[in-house]
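Trainee: Sequence unavailable; structure follows:
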């Protein structure tokens with residue numbers, strides 16, 4: 001068989017396989033979109049194989065075929081856009097490092113600012129993803145899932161907070177920042193539930209960030225007072 005004819009035959013034979021892969025990719029994408037949208041709108045508890053398949057307009061068996069389990073589908077939904085969210089947060093933190101002189105409020109804004117897009121397009125895939133992330137704390141109180149997907153930015157925020165709050169021990173910083181993160185995500189979740197009737201993000205967020213920063217500064221005050229008491233005892 002001539003080579004050109006052989007190559008043509010190979011291409012023809014592979015067309016059904018390519019079409020099948022495209023159909024599979026389309027089904028995977030619809031299932032990922034479905035679980036993202038369902039969690040954004042209703043949370044994790046009502047989530048079932050059937051509700052996901054119904055929203056994706058796919059056969060229920062295809063969920064396990066493509067992902068193995070509902071839990072793995074959720075993991076892949078989180079992973080799919082995590083790079084976009086992480087890049088925004090890491091870039092903001094890198095800008096702070098380059099500046100050199102920054103405050104606690106700046107670190108908290110670096111983490112929280114991506115959620116500002118929630119007010120702009122309540123039907124976008126990005127909105128659904130941010131609402132999925134905002135709902136994660138209630139589903140994952142141990143933070144294991146969060147750390148798997150977003151641990152790098154969490155650790156970088158703690159490093160920046162050490163710079164902004166010298167003298168505060170690591171366990172207090174970690175506990176304080178976790179509380180800040182939970183309240184930031186709770187605020188985002190309130191706007192996810194409110195949909196298009198949500199209040200404008202920036203004014204409420206500025207108040208929230210100021211409130212949270214006050215709590216973090218109080219940790220610094222407490223650390224200095226504890227050190228002063230220790231020094232007085234030593235004398």
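Mentor: Arrived safely. Just so you know, these numbers come straight off a predicted model, no measurement behind them.

Trainee: Residue 178 contacts residue 143, correct?
Mentor: Yes: counting by CB atoms under 8 Å, residue 178 touches residue 143, with 7.5 Å between them. Every residue, glycine included, has its C-beta placed from N, CA and C.

Trainee: From the chain's centroid, how far away is the helix or strand that contains residue 111?
Mentor: Residue 111 is located in helix 104-112, with elements delineated by DSSP states H and E. What separates the centre of helix 104-112 from the centre of its chain is 15 Å, taken as CA atoms, centre = their mean, to the nearest Å.

Trainee: Give me the contact list for it.
Mentor: Helix 104-112 has contacts (CB atoms under 8 Å, 6 or more residues apart in numbering) with 89, 92-93, 95-96, 153, 157, 160-161, 164-165, 180-181, 184, 205, 208-210, 212-213, 216-217.

Trainee: Repeat that for stretch 161-175.
Mentor: Residues outside stretch 161-175 that contact it (CB under 8 Å, 6+ apart) are 102-104, 106-107, 158, 176-177, 216-217, 219-220, 222-224, 227.

Trainee: right, and the pair among those residues with maximum separation?
Mentor: Farthest-apart pair in these is 106 and 227; separation 24.9 Å (CB to CB).

Trainee: Tell me which other helices or strands the helix or strand just after the helix holding residue 111 touches.
Mentor: Next helix or strand after helix 104-112 toward the C-terminus (DSSP H and E): helix 125-139. Counting by 3 or more CB pairs under 8 Å, 6 or more residues apart in numbering; DSSP states H and E, the packing neighbours recorded for helix 125-139 are helix 3-42, helix 70-99, helix 144-164, helix 170-194.

Trainee: repeat that for 7 Å
Mentor: Here helix 125-139 touches helix 3-42, helix 70-99, helix 170-194, going by 3 or more CB pairs under 7 Å, 6 or more residues apart in numbering; DSSP states H and E.

Trainee: Including mean pLDDT, could those go into JSON lines?
Mentor: JSON lines is the format used below for the helices and strands packed on helix 125-139 (pLDDT from 0 to 100):
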{"stretch": "helix 3-42", "mean pLDDT": "72"}
{"stretch": "helix 70-99", "mean pLDDT": "97"}
{"stretch": "helix 170-194", "mean pLDDT": "89"}
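
Trainee: Buried ones only from the contacts of helix 104-112, please, as a PyMOL command.
Mentor: Under the burial definition 16 or more other CB atoms under 10 Å, those of these that qualify are selected in PyMOL by:
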select buried, resi 89+92+93+96+153+157+160+161+164+165+180+181+184+205+208+209+212+213+216+217
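
Trainee: returning to that earlier point: buried deepest among the helices and strands packed on helix 125-139, which one?
Mentor: Ranked by mean neighbour count under mean count of other CB atoms under 10 Å, those are led by helix 170-194, which reaches a mean of 18.

Trainee: Contacts only, for the one residue sitting closest to the centre of the chain.
Mentor: Closest residue to the average C-alpha location of the chain: residue 133 at 4.2 Å, with CA atoms, centre = their mean. Residue 133 sits next to residue 85 when contact means CB atoms under 7 Å, 6 or more residues apart in numbering.

Trainee: Fine, thanks again, bye for now.
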